[in-house]
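Colleague: My questions are about this predicted structure, shown below with the sequence.
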Amino acid sequence: MGVDIGAASLGSARAEILQRIRAATGGVSNAEVARAGWARLPREYRRTATRGREAVLELLEDRLRDYDANVVRVGRDGVSAIVAKLLSERGKTRMLVPAGIAKQWLPVGVEFVEDEGLSPEDLDRFDGVMTGSTMAIAETGTVILQNVPGQGRRAVTLVPDYQLCVVREEDVVETVSEAMARLQETAELPTTFFSGPSATADIEMTRIKGVHGPRFLDVVLMRSGFERETL
Amino acid sequence: MHWNTGYQSEALPLVKRFVEQFRGAETAVVPSSSCVAMMRDHYPKMAAEIGDAALIAEVSQLLPRVFEFSEFLTKRLGLEDVGAYYPHRVTYHASCHGLRNLGLGDGPVRLLKAVRGIDLVELDGLEQCCGFGGTFAVKNADVSSAMLEEKISTVLGTGAEVCTACDNSCLMHIQGALHRQKTGVKTLHLAEILAADEGAGL
Amino acid sequence: MSGSALDPKTAPVFPMAARAAMKDGQLRRNVRHATDMIQAKRARVVAEMPDWQELREAGKQIRQHTMENLDFYLEEFEANCTRAGGVVHWARDAAEAQQIIVGLVKASRSDEVIKIKSMTTEEIQLNSALEAAGIHPYETDLAELIIQLGHDQPSHIVVPALHKNRQQIREIFRREMNLPKLGERPEDLADAARIFLREKFLRVKTGVSGANFLIAETGGVCIVESEGNGRMCLTLPETLITVAGIDKVVPRFADLEVLFQLLPRSATGERMNPYNSIWTGVNASDGPRAFHVVLMDNARTEILADAEGRQTLNCIRCGACQNACPVYRQTGGHAYGSVYAGPIGAILTPQLQEMHHAQSLPYASSLCGACYEVCPVKINIPEVLIHLRNKVVKQNGPLNIEALAMKTMGMIFLSEQRFRAAQRMGRMAEAPLVRRDEKGAGWIGWLPGMLGGWTKARDLQEMPQETFRDWWEKRGTHGS
């Protein structure tokens, strides 16, 4: 990066640290040894779902609410109507959206502005942000976002004070382990897990909602079926 | 004491001594949970450090025959009611080593519950250390005293006449403060309560 | 003790520092309140997990396996991070890490940085080094902000300002943020921090962070946090500098499934903390355009070389041992004279000093085992404490009162004859100190020298006239 900080001395730091590690562990490790050792690690904990689908969805709702998020469930044709209702209740008129968001989710009558690499200051001027999601973990009340169309870069879901997030029911898993297994393929994408709105417990261990990330959070849990099918 | 304070080379000969003394015993019953924890958690390691194969073998044969007093009754003999009579208000302090290293669980409490006439009161903060910790009580006397003070106030809060435990070192520590503060509350080892009958006093 | 940095090289010995800390009643109430709260929350969410013990075992084994193959995993991380556009630097010690970071900040043409809470940067006193180089660091974690504005020092790994209550925090913010009318509700205080820091987040072009995990398999880095200040520092600046101990590496992405379950529940008693961020190198459309990782040894290889001390490196910095420790709960963190306080500090700090300083810390424990019981990666802290005590004893040599007494007692315990003789002598020696109480029992209320610590708050009953052995022999072999 054109930084002159004594490259020679630091190069030897690398060699010296690795040499000290090898002296400490009694030899050089390599890919075969490491892979074989890793494969033998005990994993007796739960790695698959133990509940039925409906119970998993109910668990997610419960856990999200426990962290002060608002949750609504709709059919796939009911998203834009519920979004209109949620935004109007919160008085939000100018919303940020990432490129690639599903257009059928966006109601008319609200201004949706697509992120095209806006500056941090510009991001700070929206009433909120609306995105899709990659996955949700029921047991921990966690929603996972990645840098893909419809979810956008990380700053987009960070700077505005309100987030509305659509989660598809088929993307909900029960356990952390299932989520990590599904994420393996795209592990290198910028990834954010959020569990409820931004919070802190730094003052007398009292959990309070909202410091720097969005303080208000609506989650729309979307069925793969249509509204009327379940009415 | 030597091992836990850092005097490990001084502690090693004591393992040999223990084996010599108890190798002929069918069962060794120890009235102090911290002593049993020391043996179970450290003697095999210490024997290995001495490097004497015969000693290593003897330690591993002897240890399964070593019991803390309450576990000897509940686990080895399967007893709960030992026929004791002790018509007094008693609270039980779980020593850290009994609780965490030996996993005594509710064994001592079950033995006490079976004592006729006893008024057993549960101690708040049962899992809290009394602050003894061997040389800790001397080296960090202020912190140790503060921990002890909390333990004493929970003991007094029970209104018990007697505080019992399976560990003499905790009892010596707790007793030291109960006496200093002229509380009139006594400490007794669990064995002393289980041995009491109609003829015994407080 | 507030104000000057916590430095194990110059800190007073633990018993003295503890005595001073324990005179501060407000501090003790604050620490007690906070640790009670976290412990209760932790216990509740841990009890929800039917496989908690299996997770702990997996966590321990993953960490152990990583340490055994540390050279391979660090090189793998370096290769993957570099491939993804990151620049990896290596630092042998704190001074080298400071030098690299200061150089990188200057190269980013910034004279200020926004910082995520990082114990590693506290360990190397990075803020002082930055300030000495004319660079202003802004701490952005609420607790670290309280510490920085209050010219204070962290007292807990996860909740560094846990020794301050809301009134004390309000006073600091009123003074330092010039907000005379600020309220004292936690919401008011968090709002003040939000407004104070937002301008910095939007303006400052260089960020500095620690790391919770470095993922060897992908070259990714993971940060676990609550407030969103971490995400701000990771995504808005143009340059990001991450400094991490070499112990922070994990083999694979999938291993996070274990650590993501163990860490939040142990640290803050939450099922999951509000935000986890994972990023890999540089992404053209997302986050900083320059990304540096400084891999720092700073005596970690020394710890790795000690077979018994090595498990110390398995620590994932959850702070559960601090909350559970009856010693920490009496004294708070500053008494440990190190940014790493409590049980983990008692084993980590002296080892990071290569046992040259902080020798009193391995004794700052009653060995009650509460730390081991709650540790999510099963570090047997009492075992390591005893091991380090042995190192201290060896350092101090045989010619001091304690060592001589221990040696003598060792000799006595080896012989029944000597033991009985010692009991007789003990009874004679204690006789002048024994006083009779109203019931006629003999008690000692004062002991000389080192033993005087005992009689400060406790009496000692005189040795019994009849020993257990005497009684046993008298009653014969058949019992009564």
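Modeller: Ah, there it is.
Colleague: List of residues touching stretch B:11-30?
Modeller: Residues from elsewhere that reach stretch B:11-30 (Cβ atoms under 8 Å, 6 or more residues apart in numbering or on different chains): B:2-3, B:36, B:39, B:43, B:46-47, B:49-50, B:55, B:58-59, B:62, B:65-69, B:72, B:76, C:410, C:413-414. (Glycine included, C-beta is placed from N, CA and C.)
Colleague: measure that stretch end to end?
Modeller: End-to-end span of stretch B:11-30 (Cα to Cα, to the nearest Å): 19 Å.
Colleague: Do me a favour and average the pLDDT over it.
Modeller: In this model, stretch B:11-30 carries a mean pLDDT of 92.
Colleague: can you pull the buried residues of it?
Modeller: Across stretch B:11-30, burial judged by 16 or more other Cβ atoms under 10 Å in any protein chain shown covers B:11, B:12, B:13, B:14, B:15, B:16, B:18, B:19, B:22, B:28, B:29, B:30.
Colleague: and residue 144, helix, strand or coil?
Modeller: Because you didn't say which chain, this covers chain A. Here residue A:144 is strand, with the state taken from DSSP: H, G, I helix; E, B strand; the rest coil.
Colleague: and if you look at residue C:292?
Modeller: Under three-state DSSP, residue C:292 comes out as strand.
Colleague: residue boundaries of the strands in chain A?
Modeller: A:70-74, A:94-97, A:111-114, A:128-131, A:135-137, A:142-146, A:162-168, A:172-173, A:191-194, A:199-200, A:208-209, A:216-222 (DSSP state E).
Colleague: do you know which of those lies nearest residue C:346?
Modeller: Ranking these by their distance to residue C:346 (criterion: Cβ to Cβ) puts strand A:199-200 first, at 27.9 Å.
Colleague: Check which helices and strands that closest one sits against.
Modeller: strand A:208-209 (3 or more Cβ pairs under 8 Å, 6 or more residues apart in numbering or on different chains; DSSP states H and E).
Colleague: mind giving me TSV with the strands of chain A and columns for mean neighbour count, mean pLDDT and distance to residue C:270?
Modeller: Converted to TSV, the strands of chain A look like this (neighbours: other Cβ atoms under 10 Å in any protein chain shown; pLDDT from 0 to 100; distance: least, Cβ to Cβ, whole Å):
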stretch	mean neighbour count	mean pLDDT	distance to residue C:270
strand A:70-74	17	96	18
strand A:94-97	21	98	28
strand A:111-114	14	97	33
strand A:128-131	25	98	23
strand A:135-137	25	98	13
strand A:142-146	25	98	11
strand A:162-168	22	97	19
strand A:172-173	22	98	19
strand A:191-194	26	97	12
strand A:199-200	26	85	9
strand A:208-209	20	83	13
strand A:216-222	23	96	15
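Colleague: out of the ones you listed, nearest to residue C:368?
Modeller: Closest among those, using Cβ to Cβ: strand A:199-200, at 31.0 Å.
Colleague: roughly how far out does that closest one sit from the chain middle?
Modeller: 17 Å (Cα atoms, centre = their mean, to the nearest Å).
Colleague: Partner strands of it and their direction?
Modeller: Strand A:199-200 has its sheet partners listed here by DSSP bridges as strand A:208-209 (antiparallel).
Colleague: ok, residues contacting the partner strand?
Modeller: Contact with strand A:208-209 is made by A:68, A:196, A:197, A:198, A:199, A:200, A:201, A:215, C:186, C:187, C:190, as judged by Cβ under 8 Å, 6+ apart.
Colleague: helices and strands of chain B: which one bottoms out on pLDDT?
Modeller: Between all helices and strands in chain B, the lowest mean by mean pLDDT, DSSP states H and E belongs to helix B:2-5, at a mean of 84.
Colleague: what residues are up against residue B:82?
Modeller: B:73, B:111, B:114, B:115, B:194.
Colleague: Next one: the host helix or strand of residue C:41, is it in contact with chain A?
Modeller: Using DSSP states H and E, residue C:41 sits in helix C:25-47. Yes: applying Cβ under 8 Å from any Cβ of the partner chain, one finds helix C:25-47 touching chain A at C:30, C:33, C:34, C:37, C:38, C:41.
Colleague: Just to be sure, which of the contacts of residue B:82 are found in helices?
Modeller: Under the assignment DSSP state H, these contribute B:111, B:194 to helices.
Colleague: if we can go back for a sec, any chance of the buried residues of stretch B:11-30 in a markdown table, plus secondary structure and distance to residue A:109?
Modeller: What follows is the buried residues of stretch B:11-30, written out as a markdown table (DSSP: H, G, I helix; E, B strand; the rest coil; distance: Cβ to Cβ, whole Å):
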| residue | secondary structure | distance to residue A:109 |
| --- | --- | --- |
| B:11 | helix | 80 |
| B:12 | helix | 83 |
| B:13 | helix | 87 |
| B:14 | helix | 84 |
| B:15 | helix | 83 |
| B:16 | helix | 88 |
| B:18 | helix | 85 |
| B:19 | helix | 87 |
| B:22 | helix | 87 |
| B:28 | strand | 84 |
| B:29 | strand | 82 |
| B:30 | strand | 80 |
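Colleague: Mind jotting down where the strands sit in chain C?
Modeller: Using DSSP E, strands in chain C cover C:87-91, C:112-115, C:136-139, C:206-209, C:213-215, C:220-225, C:239-245, C:249-250, C:275-280, C:290-296, C:434-436, C:442-444, C:460-461.
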